[in-house]
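Enquirer: sequence first, then the predicted structure:
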Amino acid sequence: MLTDPISDMLTRIRNAALARHERVRIPASRLKHTIADVLKAEGYVADVSLEAEDQTQPSATLTLVLKYGRDRIPAIEGIRRVSRPGRRIYVQAREIPKVKSGLGIAVLSTSRGIMSDRQARKAGVGGELLCEVW
């Protein structure tokens, strides 16, 4: 049993990008699917699909198609978990950090749902700082 499924998701994405895999499969949850949708909207992932349950697999699977540039350089250069189960990090709207001076994104869990740092600043809401991607 995993104690931190979001960290597991980010580690799988990081490892797949470093190994230059085209796809990465992750056990699905609603939170992971929403985080993956934010990564897709910000241009870090090419596609996100949810494969429903069937007879051979016990649960649904989330498949992410990774995005690469020239010479197979991954779009995700780095991905880091910020708020952990042992130490939650909460920020107000005016305290949301700029990742790599605005070249990366932060993913937040707010009262209005999961959103990127730009969306949270625009909406004027803070929340739990889940991860940073650059």
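Expert: Nice, I can see it.

Enquirer: in contact with the closest residue in space to Ala17 that isn't next to it in sequence, which residues?
Expert: Leaving aside its sequence neighbours, Ala17 sits nearest to Pro74 (C-beta to C-beta, 6 or more residues apart in numbering; 4.0 Å). Placement of C-beta: from N, CA and C, glycine included. By C-beta atoms under 8 Å, 6 or more residues apart in numbering, the contact list for Pro74 reads 17-18, 20, 66-68.

Enquirer: so which of those sit within strands?
Expert: The strands, defined by DSSP state E, take in Leu66 from the contacts of Pro74.

Enquirer: which one of the contacts of Pro74 is nearest Ser116?
Expert: Distance to Ser116 across the contacts of Pro74 (C-beta to C-beta) is lowest for Lys67, with 16.1 Å.

Enquirer: number of nearby residues for the closest one?
Expert: 16 (other C-beta atoms under 10 Å).

Enquirer: what lies in contact with the longest helix anywhere in the chain?
Expert: Criterion DSSP state H: the longest helix present in the chain is helix 5-18. Applying C-beta under 8 Å, 6+ apart, the external contacts of helix 5-18 come out as 2, 23-24, 26-27, 29, 31-32, 35, 64, 66, 74, 76, 78-81, 84, 130-131.

Enquirer: pLDDT of it, averaged?
Expert: For helix 5-18, mean pLDDT is 97.

Enquirer: swap in stretch 106-121?
Expert: In the prediction, stretch 106-121 has an average pLDDT of 97.

Enquirer: let's see it as PDB, backbone CA atoms only.
Expert: Extracted in PDB, the C-alpha atoms of stretch 106-121 (Å, rounded to 0.1, in the frame of the first residue of the first chain):
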ATOM      1  CA  ALA A 106       3.200  24.900  -9.600                       C
ATOM      2  CA  VAL A 107       0.100  22.700  -9.200                       C
ATOM      3  CA  LEU A 108      -2.200  23.600  -6.300                       C
ATOM      4  CA  SER A 109      -5.200  22.000  -4.700                       C
ATOM      5  CA  THR A 110      -7.600  24.900  -4.000                       C
ATOM      6  CA  SER A 111     -11.200  25.300  -2.800                       C
ATOM      7  CA  ARG A 112     -12.100  25.600  -6.500                       C
ATOM      8  CA  GLY A 113     -10.300  22.400  -7.500                       C
ATOM      9  CA  ILE A 114      -6.800  21.500  -8.800                       C
ATOM     10  CA  MET A 115      -5.300  24.300 -10.800                       C
ATOM     11  CA  SER A 116      -1.900  25.700 -12.000                       C
ATOM     12  CA  ASP A 117      -0.300  28.600 -10.300                       C
ATOM     13  CA  ARG A 118      -1.300  31.000 -13.000                       C
ATOM     14  CA  GLN A 119      -4.900  30.100 -12.700                       C
ATOM     15  CA  ALA A 120      -4.800  30.300  -8.900                       C
ATOM     16  CA  ARG A 121      -3.300  33.800  -9.000                       C
END
